[in-house]
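1. Any chance you can model this:
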Amino acid sequence: MDRRTRWRLFLLIGVLAPAAMGAVGLLLARLATGQFPDLLRLPSGQAVLAGLVAGGTSLGLIGLLSRWGPLEDALRKTATRAGEEALRSAGYPMMLVLVTTSALGEELLFRGGLQPLVGLLPAAFLFGFSHGGWMRDNWAYAAVAAASGAIFGGAYALTGDLWAPAIGHSIHNILSTLLLGRHIEVEWRGPVPVIRLVPDEPPDATGEEVAPMSFTSPYPSRPTARALGLITGHLPPGPQNDICDVPGVRVGHATRVEGEGPLVPGRGPVRTGVTAILPHGGNLFKQKVPAGLFVLNGFGKATGLAQVAELGTIETPILLTNTLSAFRAADALVSYMLEQNPEIGVTTGTVNPVVGECNDSFLNDVQGRHVTAEMVRAALDGASGGPVAQGAVGAGTGMVCFGFKGGIGSSSRRVDRYVLGALVLANFGRRPDLLIHGVPVGRRLLDYPEKAAPVSETAPAPQPEQESAPQQPAADSGSEFTPDEPPPGSVMIVLATDAPLDARQLTRLAKRGALGLARVGGSAMNGSGDFVLAFSTANRVPHQANYPVRAETLLRDDSAIMNDLFRAAVETVEEAVINALFTASTVTGRDGHVAHALPVEQVLLWLKRNDQ
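-> Numbers count the residues shown, from 1 in each chain. A predicted model of the protein is given here:
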């Protein structure tokens, strides 16, 4: 959150809202009692003591209630998450001021004004209801707020001094803020207690050692282009330079490699996998994310994209896999969502699984549909915040890009205070078309590895006449590719950002992502399914709401940040494709087909010479 937004938040929540509540409370108090509550004098010792007791009792009661399973889960999903997000945005100093001023305003309204008018318990109920009680998912937060309101109301009834609930409420809010994401541990060192604030474990941590994923890739990942000194574009990358630099985004893979030799359709050899992208760590069906879609060339069998284009939201994790396994992956994804949301198809609507695919049949027995529900679950459960494994892993295991081994690639860019990340499943292009930073690498490697270029800084680069495109196949060949060469393939691109964009803006962003393919030589061939899916983790869309209007903050289309996000989409896709080529190792698949790793050392020498 920038300084201007932070001060606007302070003015609204820390000044205007408490002032408005206080004014209403004063008027109600005058109406009910004939006088205004007196907060202009210093609090008495009795009021301070009552306030301390009320604040401690409120925190203790909520601590006990939150240990009850259903209430604990509901509070974690609503109040705790909302508080942590607000704290990340505002910071501790601003947050402490906001919770203190809001406590004073609320006490003037609910205890000073409403309690004398309607009574202690009705005022406490209204206090709880004001904390989101009209939202079904917020019932736990409203219930504990009502319990706290009853305690503060009791302090006021016993002392007759509004300072007592005001002090108790302020102490409650301040300590709750300091305890967000932490818990208290007490260790006795002799007669002296040592009290520490200890960070909580992540929500998905179990305290037990997690067994390693059983569907790991046997192919080692090579260094990314940037790790080898090859810098793409001008915008700065995120800390990991992958899609998980976008806060909350997680990626998981499951890889299956079995058998060697001739193809036996339905049995093997197997060179395939599945990759899962989770936009956030919560329940995606209940908290959807805005999304946009661009179809560069629609030769594909992806599922769920029509509804994304129509409604502009994503409500499941995104899966990537091979073409004929897409439907089994979608079925497994539906099962996963039903476990989390048993009301789907019963008391609410159905779910839209989003699964993208590419054809890995050059290396894999695609007819066998070897991606299982267990693999999908392993990818989902094993998803992490990075660094993202790249190359011949997950869905990228059997993919071929520009005639070399391709697969998973990722990259990110920082734009102002936001991050944009890309993940590609690179399985497209012909070798003569491959460009890296404008250098026709593919034409120089037409006969690789049979005629490998010498790796030497003094070796002459191929001359332009040697870089001419190969002869085209005969017009009556009857096919776009021969059995011994990879098919034109496809590419799936997923863009993620934490910038506040709506579906229309995300669609515009997705279109720019396709430009990154052109930078590496992509041309959206007839048989290539080229899809770009973009989502934002800001402005989540609740599945159900009791109000017809939704307000949200969006970037202006004409802002400089928007233009930089467009540039970031191009740069991240370009670098992600290059990373897929740089990180993938050589893979031998069915019928002895070999997808050779790009000779990175030679390519880097050519690029270095081109820059001189």
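2. What is the neighbour count of Gly266?
-> By the measure other C-beta atoms under 10 Å, the count of residues near Gly266 is 10. For every residue, glycine as well, the C-beta is placed using N, CA and C.
3. Show me where the stretch 201-350 of the chain has its strands.
-> Here the stretch 201-350 of the chain has its strands, by DSSP state E, counting those that start in this stretch, at 250-258, 270-278, 287-298, 313-314, 318-322.
4. continuing past the longest helix along the chain, what's the next helix or strand?
-> Ranked by residue count and defined by DSSP state H, the top helix of the chain is helix 560-583. Moving toward the C-terminus from helix 560-583, the next helix or strand (DSSP states H and E) is strand 587-588.
5. Now do that next one: which elements does it pack against?
-> In terms of contacts (3 or more C-beta pairs under 8 Å, 6 or more residues apart in numbering; DSSP states H and E), strand 587-588 is packed against strand 594-595.
6. name the helices or strands packed onto whichever helix or strand comes after the strand it packs on?
-> Elements were assigned by DSSP H and E; along the chain past strand 594-595, the next helix or strand is helix 600-611. With contacts defined as 3+ C-beta pairs under 8 Å, 6+ apart, the packing partners of helix 600-611 are helix 441-444.
7. pull the CA atoms of the helix or strand just after the helix it packs on into PDB?
-> Using DSSP H and E, the helix or strand that follows helix 441-444 towards the C-terminus is strand 489-497. What follows is strand 489-497, C-alpha atoms only, in PDB (Å, rounded to 0.1, in the frame of the first residue of the first chain):
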ATOM      1  CA  GLY A 489       2.200 -28.800 -30.500                       C
ATOM      2  CA  SER A 490       0.600 -26.100 -28.400                       C
ATOM      3  CA  VAL A 491       1.300 -23.700 -25.600                       C
ATOM      4  CA  MET A 492      -0.600 -22.900 -22.400                       C
ATOM      5  CA  ILE A 493       0.200 -19.600 -20.700                       C
ATOM      6  CA  VAL A 494      -0.900 -18.700 -17.200                       C
ATOM      7  CA  LEU A 495      -0.400 -15.100 -16.000                       C
ATOM      8  CA  ALA A 496      -0.900 -14.100 -12.400                       C
ATOM      9  CA  THR A 497      -0.800 -10.700 -10.700                       C
END
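8. Tell me which strands strand 489-497 pairs with, and in which orientation.
-> Strand 489-497 has the following sheet partners, assigned by DSSP bridges: strand 418-428 (antiparallel), strand 529-536 (parallel).
9. Flag the shaky bits of the stretch 151-300 of the chain, pLDDT-wise.
-> 180-214 (pLDDT under 70).
10. re the thing from before, how about the strands paired with strand 489-497, which one is nearest Ala551?
-> strand 529-536 (16.0 Å; C-beta to C-beta).
11. Next, count neighbours for the nearest residue to Ala150 once chain neighbours are set aside.
-> Distances taken as C-beta to C-beta, 6 or more residues apart in numbering put Ala124 closest to Ala150, at 4.1 Å, once the chain neighbours are dropped. As a burial measure, Ala124 scores 24 neighbours (other C-beta under 10 Å).
12. Out of the strands paired with strand 489-497, the one nearest Lys511 is which?
-> Among the strands paired with strand 489-497, if distance is taken as C-beta to C-beta, the winner is strand 529-536, at 7.3 Å.
13. between that closest one and helix 560-583, how many degrees?
-> Taking axes from the mean of the first three to the mean of the last three C-alpha atoms, to 10 degrees, strand 529-536 and helix 560-583 form an angle of 130 degrees between their directions.
14. chain center to strand 529-536: distance?
-> Strand 529-536 sits 14 Å away from the centroid of its parent chain (C-alpha atoms, centre = their mean, to the nearest Å).
15. for the record, mean pLDDT for that strand?
-> With pLDDT averaged residue by residue, strand 529-536 scores 96.
16. returning to what we had before: what's the most buried one of the strands of the stretch 201-350 of the chain?
-> Among these, ranked by average contacts under mean count of other C-beta atoms under 10 Å, first place goes to strand 318-322 (a mean of 30).
17. What is that one packed up against?
-> strand 270-278, helix 326-340, strand 354-358, strand 489-497.
18. Not counting sequence-adjacent ones, nearest residue to Gly529?
-> In space, and not counting its chain neighbours, Gly529 is closest to Gly300: 2.7 Å by C-beta to C-beta, 6+ apart.
19. give me the number of residues near the one you found?
-> 21.
20. Which one, of the strands paired with strand 489-497, ends up nearest to Gly516?
-> Among those, the nearest to Gly516 by C-beta to C-beta is strand 418-428 (7.7 Å).
21. Pull the distance from the closest one to the chain's centre.
-> Strand 418-428 has its average C-alpha position 13 Å from the chain's average C-alpha position, going by C-alpha atoms, centre = their mean.
22. now it and strand 287-298, what's the angle there?
-> Interaxial angle, strand 418-428 versus strand 287-298 (the same axes, to 10 degrees): 40 degrees.
23. Export only the CA atoms of strand 418-428, formatted as CSV.
-> The C-alpha trace of strand 418-428 is given here as CSV (Å, rounded to 0.1, in the frame of the first residue of the first chain):
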residue,chain,number,x,y,z
TYR,A,418,2.7,-5.2,-7.7
VAL,A,419,4.1,-8.4,-9.2
LEU,A,420,3.2,-10.2,-12.4
GLY,A,421,4.2,-13.8,-13.0
ALA,A,422,4.0,-16.2,-15.9
LEU,A,423,4.1,-19.9,-16.2
VAL,A,424,4.1,-21.6,-19.6
LEU,A,425,3.7,-25.2,-20.8
ALA,A,426,5.9,-24.8,-23.8
ASN,A,427,5.2,-27.4,-26.5
PHE,A,428,5.1,-25.4,-29.7
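24. So what's the model's average confidence on it?
-> On average, strand 418-428 scores 97.
25. buried ones in it?
-> 418-428 (16 or more other C-beta atoms under 10 Å).
26. May I ask which two of the residues you listed are separated the most?
-> The distance between the two most remote of these (C-beta to C-beta) is 29.3 Å, for Tyr418 and Asn427.
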